[in-house]
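Chemist: dropping a prediction and its sequence here:
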Amino acid sequence: MGKTNYDIASVVLTSAEWVASRATHVSINTAAIAKVVERMDGEIPTVMWDFEGIHFFDNGPLTAQYLLVLDALNFCFWPDEELQYDHLAEGLKNALLADDTVLDAHRLQSYTGPKLRELLHWPRNLPLEEERARLLREVGAELEKSFGGKASNLVLSAKGSAVALLDLITRHFPGFRDSCVYKGHQIFIYKRAQIFVADLWGAFKGQGLGAFKDIACITMFADYVVPAVLRHWGILEYSPKLANSIDSYQEIAAGTEEEVEIRACTIAAVERLREQFVSRTGKEVLSVQIDWWLWSSGLPRALELELPFHHTLTINY
Ligand SMILES: Nc1nc2c(c(CN[C@H]3C=C[C@H](O)[C@@H]3O)cn2[C@@H]2O[C@H](COP(=O)(O)O)[C@@H](O)[C@H]2O)c(=O)[nH]1
């Protein structure tokens, strides 16, 4: 019996398909995917990382530190109607420009909710504020213990492999272990761990600390924006009960069948869209590139059309 190729990124896709094939609250409309691929007319708009101009970038190790902290906190903005991802990205960037030691490992270990709020100049409690502070302290402690305090050492330990970096992140930092149990099976999503790899790849344009020979293994990032876009396009279809919950902004609890099915079917649907695009056009495209296109074009559209996001209190997305 040959050794099964256990690689951490393939477990995400395997998990997503396992859920999609048993889902009862969410289904994937393959015909709708074909229609979207046709509409794309062989092109995927190129989305440059940091097209918004909100991220810190110095082409050096401090950028890796910034991105690890950013993606340690990159979740659950919706409970505060004014809070967006941009506030986090730009808040951390401005704090770093004002004092380039604010994200040092020993400093990260001292953050409390109020100190993080002050760092970001946010005028009131952040959603899940104490969890965010706890996750910062976790990152600071583990960086100090295992990587000389530097996220760049964590990245260099992966020797240019995205899969190896995902493995290192999920082994060393419990806060990034985005997995759950669905119908008795462990399901892996790893959204923030994967988005950290993609942010490095995007920020460094695939060079230096962003050079990953296997970046194609990274899946889309199961957040709460892309599912709303896919549902709007008819690619994700929800049961009447689930649709009603989401349309009336009822919270969907983390770990429920409904929440897991939304996230897993989103990953599976984007993978199928990618495969259909490749087979139709013969052009290679990465799930990361499709994700950035869906997220960056979908987000303003979702806000403009007031597409309802699903609301889950979670540290995972
Ligand atoms: N699938 C996916 N989800 C993403 C991102 C990004 C930012 N990626 C950077 C990469 C290139 C650009 O330069 C972007 O700046 C954030 N999110 C998620 O969205 C939600 C925030 O929404 P709102 O509350 O409206 O700000 C929240 O769950 C957050 O985790 C992405 O790329 N893909």
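Modeler: Happy to help now that I have it.

Chemist: and the helices in the stretch 1-150 of the chain?
Modeler: When secondary structure is read from DSSP state H, counting those that start in this stretch, the stretch 1-150 of the chain shows helices at 8-20, 30-40, 61-72, 85-98, 105-108, 113-119, 129-146.

Chemist: could you look over the ones you listed and pick the most buried one?
Modeler: Ranked by mean neighbour count, the helices of the stretch 1-150 of the chain are led by helix 61-72 with a mean of 24 (mean count of other CB atoms under 10 Å). For glycine as for every other residue, the C-beta is placed from the backbone atoms N, C-alpha and C.

Chemist: avg pLDDT for that helix?
Modeler: Average pLDDT, helix 61-72: 98.

Chemist: any part of it near the ligand?
Modeler: No. Against the ligand, helix 61-72 shows no contacts by CB under 6 Å from any ligand atom, the least distance being 8.3 Å.

Chemist: okay, the angle between that helix and helix 129-146?
Modeler: Counting by axes from the mean of the first three to the mean of the last three CA atoms, to 10 degrees, helix 61-72 lies at 140 degrees to helix 129-146.

Chemist: helices or strands next to helix 61-72 in the packing?
Modeler: Where contact means 3 or more CB pairs under 8 Å, 6 or more residues apart in numbering; DSSP states H and E, helix 61-72 is packed against helix 85-98, helix 129-146, helix 151-157, helix 191-203.

Chemist: swap the cut-off to 10 Å and go again
Modeler: helix 85-98, helix 105-108, helix 129-146, helix 151-157, helix 162-172, helix 191-203 (3 or more CB pairs under 10 Å, 6 or more residues apart in numbering; DSSP states H and E).

Chemist: any idea whether Ala254 is helix, strand or coil?
Modeler: Following DSSP: H, G, I helix; E, B strand; the rest coil, Ala254 is assigned to coil.

Chemist: should've said Met220
Modeler: Classification of Met220 by three-state DSSP places it in coil.

Chemist: any idea how far apart the tips of stretch 79-87 sit?
Modeler: Taking CA to CA, to the nearest Å, stretch 79-87 runs 14 Å from one end to the other.

Chemist: tell me the average confidence for it?
Modeler: The average pLDDT within stretch 79-87 is 95.

Chemist: what's in contact with it?
Modeler: 52-55, 70, 73-78, 90, 120-128, 223, 225, 251, 295, 299, 303, 311, 313 (CB atoms under 10 Å, 6 or more residues apart in numbering).

Chemist: which one of the helices and strands packed on helix 61-72 lies nearest to the ligand?
Modeler: Distance to the ligand, taken as CB to the nearest ligand atom, is lowest for helix 85-98 among the helices and strands packed on helix 61-72, at 3.5 Å.

Chemist: relative to helix 129-146, how tilted is that closest one?
Modeler: In terms of direction (the same axes, to 10 degrees), helix 85-98 departs from helix 129-146 by 50 degrees.

Chemist: and helix 85-98, is it in reach of the ligand?
Modeler: Yes. Using CB under 6 Å from any ligand atom, helix 85-98 reaches the ligand at Tyr85.

Chemist: with stretch 117-136 instead?
Modeler: No. Using CB under 6 Å from any ligand atom, stretch 117-136 stays clear of the ligand, coming no nearer than 10.0 Å.

Chemist: chain center to that stretch, what's the gap?
Modeler: Here stretch 117-136 is found 19 Å from its chain centre; the criterion is CA atoms, centre = their mean, to the nearest Å.

Chemist: hang on, the earlier thing: just the buried ones out of the contacts of stretch 79-87, please.
Modeler: For the contacts of stretch 79-87, a burial check counting by 16 or more other CB atoms under 10 Å picks out 54-55, 70, 73-78, 90, 120, 122, 126, 128, 223, 225, 295, 299, 311.
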